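Asks: Need a 3D model of the sequence below.
(one chain, ligands or ions: 1)
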Amino acid sequence: MTESDRPQPHVAVPLNGYWTEWSARAARNAAPGWAALVGEMAGLQDTFAAAAPPPEAVAEARSLVEQTRAVLARHEVGDDDQWFGRFLPAPDRGQTFSPPIRLTGITEHALAGKTMFGRFHSGNNSAAHGGGIALLFDDLFGRLVSVGDIPPARTASLSVNYRSVTPLDEPLAVEASVAEVDGRKLYLTGTLRHGDRLCADATALFLTLRPEQIRPAEAEAPPG
Ligand SMILES: CCCCCCCCCC(=O)SCCNC(=O)CCNC(=O)[C@H](O)C(C)(C)COP(=O)(O)OP(=O)(O)OC[C@H]1O[C@@H](n2cnc3c(N)ncnc32)[C@H](O)[C@@H]1OP(=O)(O)O
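Replies: Numbers count the residues shown, from 1 in each chain. Now for the predicted structure:
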């Protein structure tokens, strides 16, 4: 591990107003320890993917996961009230679907960061799954268009070129930038590198939403 691969502070994300409110609501309401639980769940996914346990360990693990599900299911809420995925300032966004992206630099038109795929995102032969890489780019581009004054936008198309194998458990560098803005159309480009080696590059078209396509950042439900 080189000095530049060591954990560094995640830069603050200058979110636009819509995403600030969307995220702040979860941050206001989330129980203490939620971020640590998200980290535990992500670790569980990787450990689960890497394990080949004997029958008694399978039975024990299944029972514990069943118990965990039962605890969480008692507190199910609607989409508007969920915390999962809404911690936008955090590298993992408070979710376990796509790998954390630790941002090292961000402006209105470009961002750079570090990421890593674990066993959960393995395709085969110690290589990251191509779908996981597309997911990473979609998330990366989603973060890029959440800064500055850009209205909320959705992915209209995403194209990934897989240039070389993306390793697991190795620090990877990501970059994304806005190549062109044409009305509602945002043309984005991005790269994923392992050291000097290009693993993948991607282009995407995001479309900013028309006002009638945007659900307002929800009003806080009255207490009780
Ligand atoms: C801070 C947050 C962090 C979160 C990170 C996660 C980010 C994840 C981002 C996502 O994954 S978003 C979810 C995946 N995407 C979707 O579900 C989008 C589904 N599709 C739609 O909702 C609509 O198709 C869409 C809003 C994208 C466009 O519908 P519209 O009715 O607004 O646009 P319209 O069809 O009128 O097209 C507008 C222009 O874009 C063009 N266009 C639309 N889709 C296109 C396409 N796929 N390729 C090329 N051009 C396209 C279209 O031709 C037209 O060009 P012109 O104005 O020149 O005539």
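Asks: going forward, measure contacts between C-alpha atoms and count neighbours the same way
Replies: Will do.
Asks: In contact with the closest residue in space to residue 158 that isn't next to it in sequence, which residues?
Replies: In this structure, residue 158 finds its nearest non-sequential neighbour in residue 204, 4.3 Å apart by CA to CA, 6 or more residues apart in numbering. Each residue near residue 204 by CA atoms under 8 Å, 6 or more residues apart in numbering is listed here: 141, 155-159, 187-189.
Asks: Next, format those residues as a markdown table and append neighbour count.
Replies: A markdown table is the format used below for the contacts of residue 204 (neighbours: other CA atoms under 10 Å):
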| residue | neighbour count |
| --- | --- |
| 141 | 29 |
| 155 | 15 |
| 156 | 12 |
| 157 | 12 |
| 158 | 17 |
| 159 | 14 |
| 187 | 18 |
| 188 | 22 |
| 189 | 22 |
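Asks: Using CSV, lay out the residues you listed together with distance to the ligand and secondary structure.
Replies: Shown next, in CSV, are those (distance: CA to the nearest ligand atom, whole Å; DSSP: H, G, I helix; E, B strand; the rest coil):
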residue, distance to the ligand, secondary structure
141, 7, helix
155, 4, strand
156, 4, strand
157, 5, strand
158, 8, strand
159, 11, strand
187, 10, strand
188, 12, strand
189, 14, strand
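Asks: Now flag whichever of the residues you listed is closest to residue 78.
Replies: The closest of the contacts of residue 204 to residue 78 turns out to be residue 155 (CA to CA; 23.5 Å).
Asks: Run through the bridge partners of that closest one.
Replies: Counting by DSSP bridges, residue 155 forms beta bridges with residue 206.
Asks: any idea of the pLDDT on it?
Replies: For residue 155, the pLDDT comes out at 98.
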